[in-house]
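Student: the amino acid sequence is not available; the structure is as follows:
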């Protein structure tokens with residue numbers, strides 16, 4: 001009798017502690033700003049575990065007949081933790097660029113989960129139940145071995161998976177003791193800790209990339225060659241069009257000021273503010289023209305934010321290397337629209353998009369567009385693509401609406 005009472009106390013304490021830890025983990029996970037599909041599956045796994053723990057703690061104070069029913073329900077919840085965790089792992093791999101046959105692994109996990117449910121109906125807390133749960137997490141270990149992760153990166157996952165496997169072994173060896181919920185909770189708590197570490201590491205990498213990008217952006221935007229040419233053209237205006245000199249100097253100083261302000265901006269800025277920067281460059285380019293051109297704007301949406309120095313460099317490329325290198329092109333189009341949950345910004349010209357350029361010009365354009373892509377990816381999960389054809393070039397930016405309006 002004493003031994004049975006001790007086991008009941010162990011079960012109750014482990015279950016109560018597990019409910020507390022799982023509840024805290026759920027609250028923290030729900031408050032994460034970035035709710036990807038990966039973290040969504042993790043939240044489902046926590047909810048399943050909490051559901052099982054709730055039935056298990058109820059069973060500890062119920063009559064023997066009712067307790068058996070509650071334990072059966074608990075193991076129905078526990079049975080589907082491994083399949084959901086498998087989906088979490090698959091999404092983790094996919095986020096890192098790996099391809100996984102999710103249908104196969106999900107089907108395998110689901111079959112084992114159904115087997116656990118069937119066994120639990122007839123024989124809860126039995127040797128067969130614990131053995132099937134061990135099989136579920138053995139499949140997780142196989143997935144880890146087949147993944148792209150290095151041995152060091154896999155250690156954390158392996159340690160986490162060993163918790164439910166160990167509690168299953170304890171359940172097979174010691175009668176009436178049930179630590180399955182505790183093992184699942186420790187697995188999810190351990191994995192969530194690893195997730196937070198990965199997030200912090202990714203954040204540090206992105207901050208370093210952004211810092212390096214700003215240095216490159218500074219050299220790209222305040223390049224001495226452009227400043228020299230602009231000052232030379234203003235000097236020529238003093239002799240040829242004295243009345244335009246004041247306007248040219250104001251535009252040039254405004255261009256430099258906007259560049260410096262943008263480079264010191266760490267976050268997102270209103271689209272209208274970025275367009276002010278682009279408009280100043282357009283005004284300067286028209287005062288110091290290599291050829292005449294027109295700019296058309298089609299804005300369906302303007303109440304959103306974007307990283308600084310994203311649109312202006314694309315407009316600059318369109319003027320210098322789009323219509324600037326074409327004998328026929330003279331039109332630039334800037335448009336915005338809302339499309340499928342994304343803010344779409346398009347900068348297009350009707351120059352010769354596929355014509356051959358000098359190596360120095362290609363290098364300058366490449367640096368500019370790479371800077372834009374980096375800032376979009378780091379600051380708002382945005383993307384950009386360049387499309388070139390005989391009829392011109394277009395740069396298309398896509399930013400998730402949730403990021404652009406947060």
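Tutor: Alright, I've got the coordinates. Because the structure is a prediction, the values reported are computed rather than measured.
Student: surely residue 382 touches residue 400?
Tutor: Yes. At 7.3 Å, residue 382 counts as touching residue 400 under the criterion of C-beta atoms under 8 Å. For every residue, glycine as well, the C-beta is placed using N, CA and C.
Student: which of the two has more neighbours?
Tutor: residue 382 (23 against 15; other C-beta atoms under 10 Å).
Student: show me the contacts for that one.
Tutor: By C-beta atoms under 8 Å, 6 or more residues apart in numbering, the contact list for residue 382 reads 306-307, 376, 397-400, 403.
Student: check residue 10 too.
Tutor: So residue 10 contacts 177, 179 (C-beta under 8 Å, 6+ apart).
Student: thinking again about what came up before, from the contacts of residue 382, which land in helices?
Tutor: The members of the contacts of residue 382 that map onto helices under DSSP state H are 376, 403.
Student: buried ones among the contacts of residue 382?
Tutor: 306-307, 376, 397-399, 403 (16 or more other C-beta atoms under 10 Å).
Student: these: which two are farthest apart?
Tutor: The largest separation in the buried ones among the contacts of residue 382, counting by C-beta to C-beta, is between 307 and 398 at 13.2 Å.
Student: mind putting the contacts of residue 382 into a markdown table with pLDDT and distance to residue 154?
Tutor: Converted to a markdown table, the contacts of residue 382 look like this (pLDDT from 0 to 100; distance: C-beta to C-beta, whole Å):
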| residue | pLDDT | distance to residue 154 |
| --- | --- | --- |
| 306 | 92 | 39 |
| 307 | 87 | 35 |
| 376 | 88 | 32 |
| 397 | 95 | 37 |
| 398 | 95 | 34 |
| 399 | 95 | 35 |
| 400 | 92 | 31 |
| 403 | 89 | 32 |
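Student: want to throw the contacts of residue 382 into a markdown table with distance to residue 87?
Tutor: Below are these laid out as a markdown table (distance: C-beta to C-beta, whole Å):
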| residue | distance to residue 87 |
| --- | --- |
| 306 | 33 |
| 307 | 33 |
| 376 | 29 |
| 397 | 32 |
| 398 | 27 |
| 399 | 28 |
| 400 | 22 |
| 403 | 25 |
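Student: so how far is residue 121 from the closest residue to residue 341 other than its chain neighbours?
Tutor: With C-beta to C-beta, 6 or more residues apart in numbering as the criterion, residue 341 has its nearest non-adjacent residue at 5.3 Å, and that residue is residue 401. Per C-beta to C-beta, to the nearest Å, residue 401 is found 47 Å from residue 121.
Student: comparing these two, which shows the higher neighbour count?
Tutor: residue 401 (15 against 11).
Student: what residues are up against that one?
Tutor: By C-beta under 8 Å, 6+ apart, the neighbours of residue 401 are 304, 338, 341-343.
Student: filter these down to the buried ones.
Tutor: Using 16+ other C-beta under 10 Å, the buried ones in those are 304, 342-343.
Student: following the chain onward from the lowest-mean-pLDDT helix or strand in the chain, which element is next?
Tutor: Between all helices and strands in the chain, the lowest mean by mean pLDDT, DSSP states H and E belongs to helix 359-380, at a mean of 67. Per DSSP states H and E, helix 359-380 leads on to strand 383-389 as the next helix or strand towards the C-terminus.
Student: quick one: strands adjacent to that following strand?
Tutor: strand 392-400 (antiparallel) (DSSP bridges).
Student: run the chain-centre distance for the strand it pairs with.
Tutor: With C-alpha atoms, centre = their mean, to the nearest Å as the basis, strand 392-400 stands 20 Å off its chain's centre.
Student: which residues does that strand contact?
Tutor: For strand 392-400, the external contacting residues (C-beta under 8 Å, 6+ apart) are 304, 306, 310-311, 314, 317-318, 322, 329, 341-353, 369, 372, 376, 380-387.
Student: how does this structure divide up, domain by domain?
Tutor: Per automatic domain parsing, the domain ranges recorded for the chain read 2-203, 222-404.
Student: could you pull up the mean pLDDT of the longest one?
Tutor: Put plainly, it is domain 2-203. When pLDDT is averaged along domain 2-203, the result is 87.
Student: before we move on, what about stretch 328-337?
Tutor: Mean predicted confidence for stretch 328-337 is 89.
Student: so which bits of that stretch are buried?
Tutor: Across stretch 328-337, burial judged by 16+ other C-beta under 10 Å covers 329, 331-336.
Student: residue 158 belongs to a helix?
Tutor: Yes. Looking at residue 158 with DSSP: H, G, I helix; E, B strand; the rest coil, it is inside a helix.
Student: centre of the chain versus stretch 316-328, how much separation?
Tutor: Put simply, stretch 316-328 sits 35 Å off its chain's centre (C-alpha atoms, centre = their mean).
Student: how long is that stretch from one end to the other?
Tutor: Terminal residues of stretch 316-328 lie 18 Å apart, using C-alpha to C-alpha, to the nearest Å.
Student: just the buried residues of that stretch, please?
Tutor: So for stretch 316-328, counting by 16+ other C-beta under 10 Å, buried means 316-326.
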